[in-house]
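Asks: Based on what follows, work out the 3D shape:
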Amino acid sequence: MTATTTICIDPRVKDILTSLKRDPRESYSSVVDRLANMAIDNETLSDEAIHGIEEALEDIKHGRLHTEEDIMKEFDLL
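Replies: Below is the predicted model:
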């Protein structure tokens, strides 16, 4: 079942939606549906991933950070 709704969008957003069409005849509804489905992640994080995120947040809170430049120097990539 479909419903028709009129919405106002910025012309720039419309241009972006147009560029995301897989085919010129694809409807904007299909483009928005595809994007909305891509934005939803139904996979839950593992306990290990959650623990890693918590550790990273603690590192950030305590200033245990390395700049990109520091890492590049450490691995002789500069």
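
Asks: how about the helices in the protein?
Replies: All helices of the chain, identified by DSSP state H, fall at 11-19, 28-39, 47-61, 68-74.

Asks: would you list these in CSV and tack on mean neighbour count, distance to residue 5 and mean pLDDT?
Replies: (Glycine included, C-beta is placed from N, CA and C.) Putting the helices of the chain into CSV (neighbours: other CB atoms under 10 Å; distance: least, CB to CB, whole Å; pLDDT from 0 to 100) gives the following:
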stretch, mean neighbour count, distance to residue 5, mean pLDDT
helix 11-19, 11, 15, 97
helix 28-39, 12, 10, 95
helix 47-61, 10, 38, 96
helix 68-74, 10, 45, 93
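
Asks: Let me have those helices in TSV, extended by distance to residue 1.
Replies: Below are these laid out as TSV (distance: least, CB to CB, whole Å):
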stretch	distance to residue 1
helix 11-19	23
helix 28-39	13
helix 47-61	38
helix 68-74	50
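
Asks: Of those helices, which is nearest residue 2?
Replies: Among these, the nearest to residue 2 by CB to CB is helix 28-39 (7.5 Å).

Asks: and the closest one, C-alpha only, in CSV?
Replies: Once non-C-alpha atoms are left out, helix 28-39 reads as follows in CSV (Å, rounded to 0.1, in the frame of the first residue of the first chain):
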residue,chain,number,x,y,z
TYR,A,28,12.3,9.2,-5.1
SER,A,29,10.4,7.0,-2.7
SER,A,30,12.6,4.0,-3.7
VAL,A,31,15.7,6.1,-3.2
VAL,A,32,14.6,7.3,0.3
ASP,A,33,13.5,3.8,1.2
ARG,A,34,16.9,2.4,0.2
LEU,A,35,18.7,5.1,2.2
ALA,A,36,16.5,4.6,5.3
ASN,A,37,17.1,0.9,5.3
MET,A,38,20.9,1.4,5.0
ALA,A,39,20.8,3.7,8.0
